[in-house]
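J.: Need the 3D shape of this:
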Amino acid sequence: MAKRAPIQIYTDGACRGNPGPGGYGVVMRCGNYEKEFSAGYRLTTNNRMELLAVIVGLEAIKWSDAVVTVWSDSSYVVNAVENGQVFKWEQKGFQKKANPDLWIRFLKVYREHKVSFVWIKGHSGHPDNERCDYLAVTASMGPDLAVDEVYEASKGSESLLMHI
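T.: Purely as a prediction, here's the structure:
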């Protein structure tokens, strides 16, 4: 099989209020191929949208063992992975950690590929980050926002307060 081109995934999450209506935006490139993804939710948090953007990008990859670089302005996501914190959280069953549903989903798809992260400063004029921000903010203002079921089901619980 021919060697596949590396994949670049640019991501951003947005939330109008935190919590509040939110959305994510993803720009994905592989060779000459480019795809954009976005979706909005009626009640969520910024960190959930930042993480969900990465998950959606990785889940869109059609083969395993892809070489992927994820570009994100989320210190929450980038540091958790690059510093190895998420793996420690996993070993402890995500006790008292925010967003375990999304971290579990992330780890499943993350392990299917060779993923590295690059943190970029948000709102600094990086064209792909600006595009993702536009997609995320626009999605958060959509007319038919989805329900972030896990977030809304846990709203008001002790574990939820950790990321507000």
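
J.: what's near enough to touch residue 21?
T.: Neighbouring residues of residue 21 by C-beta atoms under 8 Å, 6 or more residues apart in numbering: 15, 40, 41, 42, 43, 44, 140, 141, 145. Just so you know, the C-beta spots here come from the backbone N, C-alpha and C atoms, and that holds for glycine as well.

J.: For the helix or strand hosting it, list every residue counted as buried.
T.: Residue 21 belongs to strand 20-30 when assigned by DSSP states H and E. By neighbour count on 16 or more other C-beta atoms under 10 Å, the buried set for strand 20-30 is 21, 22, 23, 24, 25, 26, 27, 28, 29, 30.

J.: Give me the nearest residue to residue 54, chain neighbours excluded.
T.: Nearest residue to residue 54 in three dimensions, chain neighbours excluded: residue 11, at 5.2 Å (C-beta to C-beta, 6 or more residues apart in numbering).

J.: per-residue pLDDT, that neighbour?
T.: Per-residue pLDDT puts residue 11 at 98.

J.: would you list the contacts of residue 21 in JSON lines and tack on distance to residue 5, pLDDT and neighbour count?
T.: Output for these, formatted as JSON lines (distance: C-beta to C-beta, whole Å; pLDDT from 0 to 100; neighbours: other C-beta atoms under 10 Å):
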{"residue": "15", "distance to residue 5": "33", "pLDDT": "96", "neighbour count": "23"}
{"residue": "40", "distance to residue 5": "31", "pLDDT": "98", "neighbour count": "26"}
{"residue": "41", "distance to residue 5": "32", "pLDDT": "97", "neighbour count": "26"}
{"residue": "42", "distance to residue 5": "37", "pLDDT": "95", "neighbour count": "16"}
{"residue": "43", "distance to residue 5": "38", "pLDDT": "95", "neighbour count": "16"}
{"residue": "44", "distance to residue 5": "33", "pLDDT": "96", "neighbour count": "29"}
{"residue": "140", "distance to residue 5": "32", "pLDDT": "98", "neighbour count": "26"}
{"residue": "141", "distance to residue 5": "34", "pLDDT": "97", "neighbour count": "12"}
{"residue": "145", "distance to residue 5": "35", "pLDDT": "96", "neighbour count": "18"}
